[in-house]
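Asker: Quick one: sequence plus predicted model below, questions after.
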Amino acid sequence: MSATTHNLKRMYRFDLTQRLVAKLKQEEAVIGGIGHSNFDLWAVGHRPQNFYMLGSMGLAIPIAMGVAMAQPARKTFALEGDGSLLMELGCLATVAAQAPKNLIIVLFDNGIYQITGGQPTPGLHADYVAIARGCGLATATWAADEADFERLLDNALATDGPHFIGCKLDEQKPRAQTERDPAQIRDRFMRGMGTKKNRTLG
Amino acid sequence: MTTSLPPWHEIVLNVFKANEVKLITYVPDNVLKPLIQALHADPYFTCFATAREEEAVGILSGAWMAGLKGILLMQTSGFATLPNVLASLPCAFQIPVLMMISERGTLGEFNVGQAAVCRTMRPILDSLAMEHHTVSRLDECEFIVDRTIRQAHLTQAPAALILSPLLTGGKAVQGTGAQA
Ligand SMILES: Cc1ncc(C[n+]2csc(CCOP(=O)(O)OP(=O)(O)O)c2C)c(N)n1
């Protein structure tokens, strides 16, 4: 666990996503943010409880918050990039105010807009965990390395949130590209959430 | 006859209930104040403000996919911040995000900025091919709000309800100053 950003290990998004998905045993929901956050979620292997956000930059956390509020018994993850979070920072205050206990935010902070060519974001000096804490997410924490990330995930799955886990990323590219079919993504996700009952697809 | 009808905000609240629209997100507007107040006071509803209207589109999309129906309340200028997320989330994914917009910028507006923003609203809705209706009469309020909500849910399409100053009285024209 770490409250500051120096000495944080820069980790590989696909590896972190794989570690996260491996811990999901209760049909937890996972919302992948625009671009590479959802590409690596897809690359790890499709689950009916995954939602891949194809546009609407910045809305992965709000979408996950809506899912979490609709189904309080289901742990719900948002996987969001730092550029995307920077675009919708106010949502952290909204999350803190409503405080859905089952919401877990994982921030993938590579310091760049990787999908649009790797330009640095204006968040060069921003500490997103400090921002999350400042918004009222008191337990927000940076993951120091992979083992720490796993420990933080175990804690988030076992305790009430909302939780916020920040991860510093290296600059490796995603492993695959999500199949872009929004209606099918939504339909599969609803079956995964149990809001569509027919189980022939998924 | 119209004198026997309840006020617009009471009609709207009852239609929300009849359609199980429980999750109310808003960025406030003065005209919406009595509706927001009544929704907060009624334990049937979960009612809260978001920092931006965009956020609410995300929250409502996630909630609907997971089985909870809701609506976003805002003013004209709030709607004008939304085309990108509406096009790429509820329109693309076929999610019935409902919006109720207090129409500012017309019929006696005192703020020139509001007037300019107002003229963008219906062209944006039309270009998104989004169902939208303007409620201007108390005796039509229940029918239009109820049917629009039903159709949105049944066809999995986002929809907008515009509350005209003809219905709500709008915000009174002020002689001096320009304030939101
Ligand atoms: C409103 C809006 N502005 C710009 C874009 C273009 N765009 C798409 S993804 C992206 C960068 C996302 O950055 P981040 O969330 O940090 O993820 P990364 O690409 O680094 O994985 C940008 C700028 C967009 N889709 N929407």
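Answerer: Nice, thanks for sending it over.

Asker: Is chain A within reach of the biggest helix by length in chain B?
Answerer: For chain B, the helix with the greatest residue count under DSSP state H is helix B:138-155. No: judged by CB under 8 Å from any CB of the partner chain, helix B:138-155 and chain A are separated, with a smallest distance of 12.4 Å. Quick note: C-beta positions are derived from backbone N, CA and C, even for glycine.

Asker: Report all helices and strands that that helix contacts.
Answerer: Contact partners of helix B:138-155 among helices and strands, from 3 or more CB pairs under 8 Å, 6 or more residues apart in numbering or on different chains; DSSP states H and E: helix B:8-18, strand B:98-102, strand B:131-135, strand B:159-163.

Asker: Adjacent strands (with direction) for the third one?
Answerer: For strand B:131-135, sheet partners with direction are given as strand B:159-163 (parallel), following DSSP bridges.

Asker: Near chain B, which residues of chain A are found?
Answerer: A:29, A:31, A:51, A:53-71, A:74, A:88, A:90-91, A:93-94, A:97-98, A:182-183, A:185-186, A:189-190, A:193-195.

Asker: Are any of the residues you listed buried, and if so which?
Answerer: Neighbour-count burial (16 or more other CB atoms under 10 Å in any protein chain shown) applied to those gives A:29, A:31, A:51, A:53-71, A:74, A:88, A:90-91, A:93-94, A:98, A:182, A:185-186, A:189-190, A:193.

Asker: Next up, the contacts around the nearest residue to residue B:9 once chain neighbours are set aside.
Answerer: With sequence-adjacent residues excluded and distances taken as CB to CB, 6 or more residues apart in numbering or on different chains, residue B:9 is closest to residue B:35, at 3.9 Å. Residues counted as contacts of residue B:35 (CB atoms under 8 Å, 6 or more residues apart in numbering or on different chains) are B:8, B:9, B:12, B:13, B:73.

Asker: contacting residues for the first one?
Answerer: Spelled out, it's residue B:8. Contacts for residue B:8 (CB under 8 Å, 6+ apart) come out as B:35, B:135, B:138, B:141, B:163, B:167, B:168.

Asker: State the pLDDT value of the third one.
Answerer: Which is residue B:138. We have a pLDDT of 98 for residue B:138.

Asker: Kindly report the same for the fourth one.
Answerer: As predicted, residue B:141 sits at a pLDDT of 98.

Asker: The last one now?
Answerer: Model confidence at residue B:168, given as pLDDT, is 96.

Asker: Low-confidence regions, the chain specifically.
Answerer: Here I'm looking at chain A. A:1-3, A:199-202 (pLDDT under 70).

Asker: actually it's chain B I care about, not the one you picked
Answerer: Looking at chain B by pLDDT under 70, you get B:1-3, B:173-180.

Asker: middle-most residue in chain B, spatially?
Answerer: Nearest to the geometric centre of chain B sits residue B:100, at 0.8 Å (CA atoms, centre = their mean).

Asker: What segments of chain B are strands?
Answerer: B:21-26, B:46-49, B:69-75, B:98-102, B:131-135, B:159-163 (DSSP state E).

Asker: Also chain A?
Answerer: Counting by DSSP E, the strands of chain A are A:29-32, A:50-52, A:76-81, A:103-109, A:112-113, A:119-120, A:141-142, A:163-168.

Asker: just how off-centre is the fifth one within its chain?
Answerer: The one in question is strand A:112-113. Its chain's average C-alpha position is 16 Å from that of strand A:112-113, according to CA atoms, centre = their mean, to the nearest Å.

Asker: Tell me the helices and strands packed up against it.
Answerer: So strand A:112-113, by 3+ CB pairs under 8 Å, 6+ apart, packs with strand A:119-120.

Asker: Work out the gap between the strand it packs on and the centre of the chain.
Answerer: 21 Å.

Asker: returning to what we had before: quick check: the farthest pair among the contacts of residue B:8?
Answerer: Within the contacts of residue B:8, two members stand farthest from each other by CB to CB: B:35 and B:138, at 14.0 Å.

Asker: Near the ligand, which residues of chain B are found?
Answerer: For chain B, the residues in contact with the ligand under the definition CB under 6 Å from any ligand atom are residue B:84.

Asker: Could you give the residue of chain B that lies closest to the ligand?
Answerer: residue B:84 (5.3 Å; CB to the nearest ligand atom).

Asker: and that residue, what does it touch?
Answerer: Contacts of residue B:84 (CB under 8 Å, 6+ apart): A:55, A:56, A:57.

Asker: picking up where we left off before, any chance of the strands of chain B in CSV, plus distance to residue A:141?
Answerer: Formatted as CSV, those follow (distance: least, CB to CB, whole Å):
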stretch, distance to residue A:141
strand B:21-26, 28
strand B:46-49, 26
strand B:69-75, 31
strand B:98-102, 36
strand B:131-135, 44
strand B:159-163, 40
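
Asker: Just give me the closest of the contacts of residue B:8 to chain A.
Answerer: For these, the closest approach to chain A (CB to the nearest CB) belongs to residue B:35, at 20.0 Å.
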